[in-house]
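S.K.: From the sequence below, what's the structure:
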Amino acid sequence: MKELLRTNDPTLIAFATHLLTGEGIASFPLDVHMSVLDGNIGILPQRLMVADRDHFRASAVLRDNGLEPSP
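M.R.: Sure thing, here's the model as predicted:
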């Protein structure tokens, strides 16, 4: 698994997941429930992971839709 996106904005994770699902790319969100630890103030970023083989194509899908993947 490779990290595709890291953000504090949960709506970006949902949008990226929707875009990837539409292209047939499976993704897995990590750190979704970390808000319990930071008191729901959003200081801990969430990560969106994809399989190694899908990373290049998933990065292209995000760029094509105006999102910048994590380096």
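S.K.: drop to CA atoms for contacts and neighbour counts, all remaining ones
M.R.: OK.
S.K.: what stretches of this protein score poorly on pLDDT?
M.R.: Along the chain, segments meeting pLDDT under 70 span 35-42.
S.K.: Can you name the residues that contact residue 13?
M.R.: For residue 13, the contact set (CA atoms under 8 Å, 6 or more residues apart in numbering) comprises 5, 7, 29, 46-48.
S.K.: one more time with 10 Å, if that's ok
M.R.: For residue 13, the contact set (CA atoms under 10 Å, 6 or more residues apart in numbering) comprises 5-7, 19, 28-30, 32, 46-48.
S.K.: Which of the three states applies to it?
M.R.: Three-state call for residue 13 (DSSP: H, G, I helix; E, B strand; the rest coil): helix.
S.K.: how close does it sit to residue 49?
M.R.: Look at residue 13 and residue 49: by CA to CA, to the nearest Å, they are 10 Å apart.
S.K.: list the residues that contact both of those two?
M.R.: By CA under 10 Å, 6+ apart, the residues touching both residue 13 and residue 49 are 5-6, 28-30.
S.K.: just the buried members of these?
M.R.: Taking 16 or more other CA atoms under 10 Å as the criterion, what is buried in the shared contacts of residue 13 and residue 49 is 5-6, 29.
S.K.: Quick check, residue 17 in contact with residue 67.
M.R.: No - in this structure residue 17 lies outside contact range of residue 67 using CA atoms under 10 Å: 11.8 Å.
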